[in-house]
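**Student:** Got a predicted structure plus its sequence, pasted below:
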Amino acid sequence: MPEESSEASPSKPTMAEGQASEELLYYVQHGPPVIPGYEPGLRTDPYYTESGGAKFKRKALENPFIPAGCILTAIILTVGLWTMKTRNRELSQTMMRARVGAQGVTVFAMVAGVIYQKFGTKE
């Protein structure tokens with residue numbers, strides 16, 4: 001049986017390791033790449049955390065139909081539940097149908113907002 005040596009043979013760096021070290025050396029000497037039209041700001045800071053209220057306000061201003069649809073759905077639901085309590089079956093049924101319609105409009109607004117942000121903004 002051949003004896004196995006306990007010493008590990010020195011390994012040569014692979015092509016990927018060599019390229020990575022060259023790229024790192026380049027960035028150390030020259031700094032990060034410059035992207036035309038890009039200016040670092042508050043949101044690019046990795047330690048910046050946006051509060052919940054600030055995020056809600058920003059998102060509501062980006063697509064105001066979503067909060068409006070949610071509020072409309074909540075109002076219709078409240079009126080529908082109140083009419084159930086007062087046993088007004090006809091109005092209760094109408095309010096529940098209107099609630100489903102308002103929810104559909106809200107979901108449509110969400111999907112339209114995502115599509116607009118994905119394809120509509122040309123920067």
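**Tutor:** Yep, that arrived. Numbers count the residues shown, from 1 in each chain.
**Student:** Find the helix or strand that Leu24 is a member of.
**Tutor:** Using DSSP states H and E, the element containing Leu24 is helix 15-30.
**Student:** in the chain, which spans are helices?
**Tutor:** In the chain, the segments counted as helices under DSSP state H are 15-30, 52-62, 65-85, 89-115.
**Student:** Let me see the mean pLDDT of the longest one.
**Tutor:** For helix 89-115, the mean pLDDT works out to 94.
**Student:** same question, the second one
**Tutor:** Confidence over helix 52-62, taken as the mean pLDDT, stands at 88.
**Student:** packing partners for that helix?
**Tutor:** Contacting helix 52-62 under the criterion 3 or more C-beta pairs under 8 Å, 6 or more residues apart in numbering; DSSP states H and E are the following elements: helix 65-85. From N, CA and C alone the C-beta is placed, and that goes for glycine too.
**Student:** For the helix it packs on, buried residues please.
**Tutor:** Buried residues in helix 65-85, defined by neighbour count with 16 or more other C-beta atoms under 10 Å: 65-67, 69-70, 72-73, 76-77, 79-80, 83.
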